[in-house]
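Student: Sequence plus the predicted model coming up.
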Amino acid sequence: MTDDKQYPKPGDLIEFKRRHYQHWAVYVGDGNVIHVTNTGKADDNHLSQSASNETIFASKAQVKKQPLNDVAGDDYWCVNNKYDHFRIPFPTEEIVRRAEPWVDIEVPYNVLGKNCEHFGTMLRYGQGFSDQV
């Protein structure tokens, strides 16, 4: 949940504050985000809230399109386009167009070089990077 009045627009990066780390997704409209999550076969609601804990230690992950509120659970989230001050994002429609084909695709995952923030920034800016590692 978020306590601020900033609501996401398609193409925005969403940061979810987890206990020991942040999880990242791209808002694609209609209440949904696209994000990298674990490849476990748990039911979708359980998968959404626990995905990031399990994904940290995985070598493969899956791209999912899910409701923002399901991914957030009880965790705080916010729009965080923090790299816009030194990167030029693609236009909104282009970010969403780039994100949609990834849904349900299994991707390599590495917490240091190919994590959820790398995925989101790749969609928004064309290059994956993360300052949390």
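Tutor: The structure has been received and is ready for your questions.

Student: Going by neighbour count, which residues in stretch 61-69 are buried?
Tutor: A61, Q62, V63, K64, K65, Q66, L68 (16 or more other CB atoms under 10 Å). To be clear about C-beta, it is placed using only N, CA and C from the backbone, and glycine gets the same treatment.

Student: tell me the strands in this structure, going along the chain?
Tutor: 13-17, 22-29, 32-37, 60-67, 77-79, 106-108 (DSSP state E).

Student: Out of those, which one sits most buried?
Tutor: strand 32-37 (a mean of 26; mean count of other CB atoms under 10 Å).

Student: Could you check how far that one is from the centre of its chain?
Tutor: Offset of strand 32-37 from its chain centre (CA atoms, centre = their mean, to the nearest Å): 5 Å.

Student: what angle do that strand and strand 22-29 make?
Tutor: Interaxial angle, strand 32-37 versus strand 22-29 (axes from the mean of the first three to the mean of the last three CA atoms, to 10 degrees): 150 degrees.

Student: low pLDDT regions in this structure?
Tutor: Low-confidence segments of the chain, defined by pLDDT under 70, span residues 1-6, 39-58, 133.

Student: so where do the helices sit in it?
Tutor: Ranges of helices within the chain are 44-55, 68-72, 92-99, 116-125, based on DSSP state H.

Student: Quick check: beta-bridge partners of the spatially most central residue of the chain?
Tutor: Nearest residue to the geometric centre of the chain (CA atoms, centre = their mean): A25, 1.6 Å. Note on A25: beta-bridge partners by DSSP bridges are I14.
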